[in-house]
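Novice: Curious how this folds, go ahead:
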Amino acid sequence: MIGHLILRLSIWFLLTADFSLANIAIGIAIAFLLPRSYTRPEPLKEWFDVYGKILLAIPIAYLEAFELIFRPHRHEDIVLEKVPNHRSPLLIFLDVFLITFTPKTIVVKYREDGFYEVHRVRRTSSN
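Specialist: Numbers count the residues shown, from 1 in each chain. Here you go, the predicted structure:
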């Protein structure tokens, strides 16, 4: 419950970029009013893994952005990435956010057979 509230408030503050008292109250109200999914709670280890990956993605995103500016990437393709087993909708959302956060990749589609279709750009045509 607290994890869902923190995630929803984080998204709200990222979207609005406004930390006024009125906006905080609106964000809290919206976080409580949005419907919840009733799935089993995720193990704490999975949360730590995802948040660790998000923290690592921040410097990687900056490096990739500078690389794209100074050394253009002209090749692109779509690859399949396996979704970890028994992933809750919230962790799937965080996976998609993590992949899309870096400038060279974006999730195009989540497939029900357990894969993400990821569009990526590369410097060379080799894999």
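Novice: What does Glu81 show for phi and psi?
Specialist: Torsion angles at Glu81 (phi, psi; degrees, to the nearest 10) stand at phi -120, psi 130.
Novice: so which strand or helix has Ile60?
Specialist: helix 44-70 (DSSP states H and E).
Novice: residues of that helix that come out buried?
Specialist: Residues 46, 50, 57, 64 are the ones in helix 44-70 that count as buried (16 or more other C-beta atoms under 10 Å). All C-beta spots, glycine's among them, are computed from the backbone N, C-alpha and C.
Novice: now those residues in JSON lines, with pLDDT and distance to Glu112?
Specialist: Written out in JSON lines, the entries for the buried residues of helix 44-70 read as follows (pLDDT from 0 to 100; distance: C-beta to C-beta, whole Å):
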{"residue": "Glu46", "pLDDT": "80", "distance to Glu112": "21"}
{"residue": "Val50", "pLDDT": "81", "distance to Glu112": "21"}
{"residue": "Ala57", "pLDDT": "87", "distance to Glu112": "26"}
{"residue": "Glu64", "pLDDT": "92", "distance to Glu112": "29"}
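Novice: residue contacts, the closest residue to Ala57 other than its chain neighbours?
Specialist: Nearest-residue entry for Ala57: Phe101, 5.2 Å, with adjacent residues in sequence omitted and distances by C-beta to C-beta, 6 or more residues apart in numbering. Phe101 makes contacts with 54, 57, 61, as judged by C-beta atoms under 8 Å, 6 or more residues apart in numbering.
Novice: separation between the last one and Pro103?
Specialist: Okay, so that is Ala61. If you measure Ala61 against Pro103 using C-beta to C-beta, to the nearest Å, the figure is 6 Å.
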